[in-house]
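In: I'll drop the sequence and a predicted model, then ask my questions.
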Amino acid sequence: MRVCRNDHRRRVPCPPGPWLAGSVAAILIAICAGAAVARDGRAVAALYPRDGRRDLTGSDMRRYPGAGALYCRRSDGIPQKAAAAWLIGDPSIVMLNAHNFRNRQMEKTREVADCFFQIAGRNYDFLPDSLRLGTEPTARALHITDDWAILRLATPAEGVAAQPLPEPPSLAVGPTDLSVVMVSPAGHENYRGPSSLESCRIRQIDPPSEDGIRRARHDCNDGYGGSGSGLFDEAGRLIAMQSASLSMNSRRDFDVDFHYGSALLLEGGLLKAIQSLTQAGRRD
């Protein structure tokens, strides 16, 4: 703390400088506008003017089973919540995003052994050699539609239900207006709660990739930590997994070309991989 002298030459704390006053003012304005504040003091905001997120409840967890979170250890060994992840089809299979372990150039960013899965307050280690990525072995880039990964737990999760095996969504390519619920068990940096749920809409379905997976463009609020969030239809079926959003913390209207969220539909190669691993687990 800086020390100054007043008119009586007594040592007193100095008043905040213009930079500090401005920073505090900016944060207060952001809070009044409905934004959250990151741990480092940055003001962060929802993606869209409408923000209908709320905390997940116990009844939500029963309606949307399998919701968990990926935790990974920092360089100092302290575990940190990284993203959403789903127990799916089997009590030992976890679905999440490939970008938790690879960057856009397909370079390794984390070791599986440095991470674990948390669900219902319990932690489970992964089998380190079980990582299956949505990309081809020779791929040099990671795209939205192959941004998926599957891991197997070292021991099956106990006392919790897995998300049922998904059915391929019957959605036509092109503009649409489908009501969905985004379930974010790991929360978002720009939301104050530890987890969130929001009703929102899928606005467009893109053509399929070579692996038969399509991207859904949606208007669900997202923030850092929201990767892997599940998009559920009105019947409670998991139909897509969140990958990324454009212009994070930029609060403005949805635009199908310039300001939207991207999720990959649970179909094609991803669905086949889940089905294959589930069947293998039952044989074991």
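Out: Thanks, I have it.
In: Now do the contacts for Ser184.
Out: Taking CB atoms under 8 Å, 6 or more residues apart in numbering, we find Ser184 in contact with 53, 56, 84, 191, 195-198, 225-226, 229, 242. Bear in mind the C-beta positions are built from the backbone N, C-alpha and C, glycine included.
In: how about JSON lines for those, with neighbour count, pLDDT and secondary structure added?
Out: Conversion of the contacts of Ser184 to JSON lines gives the following (neighbours: other CB atoms under 10 Å; pLDDT from 0 to 100; DSSP: H, G, I helix; E, B strand; the rest coil):
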{"residue": "Arg53", "neighbour count": "24", "pLDDT": "97", "secondary structure": "coil"}
{"residue": "Leu56", "neighbour count": "20", "pLDDT": "97", "secondary structure": "coil"}
{"residue": "Ala84", "neighbour count": "28", "pLDDT": "98", "secondary structure": "strand"}
{"residue": "Tyr191", "neighbour count": "24", "pLDDT": "93", "secondary structure": "coil"}
{"residue": "Ser195", "neighbour count": "23", "pLDDT": "97", "secondary structure": "coil"}
{"residue": "Ser196", "neighbour count": "28", "pLDDT": "97", "secondary structure": "strand"}
{"residue": "Leu197", "neighbour count": "23", "pLDDT": "98", "secondary structure": "strand"}
{"residue": "Glu198", "neighbour count": "22", "pLDDT": "98", "secondary structure": "strand"}
{"residue": "Gly225", "neighbour count": "24", "pLDDT": "90", "secondary structure": "coil"}
{"residue": "Gly226", "neighbour count": "28", "pLDDT": "94", "secondary structure": "coil"}
{"residue": "Ser229", "neighbour count": "30", "pLDDT": "98", "secondary structure": "coil"}
{"residue": "Gln242", "neighbour count": "26", "pLDDT": "98", "secondary structure": "strand"}
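In: So which of those residues is the closest to Ile213?
Out: Compare each of the contacts of Ser184 with Ile213 using CB to CB and the shortest gap goes to Gln242, at 13.9 Å.
In: If the closest one is in a bridge, with which residues?
Out: Here Gln242 shows beta-bridge partners Ala263, assigned using DSSP bridges.
In: close enough to count as contact, it and Gly230?
Out: Yes. Under the criterion of CB atoms under 8 Å, Gln242 makes contact with Gly230 at 7.5 Å.
In: how far away is the closest residue to Val44 other than its chain neighbours from Leu87?
Out: In space, not counting the residues next to it along the chain, Val44 is nearest to Asn190; the distance is 4.0 Å by CB to CB, 6 or more residues apart in numbering. Distance of Asn190 to Leu87, given as CB to CB, to the nearest Å: 26 Å.
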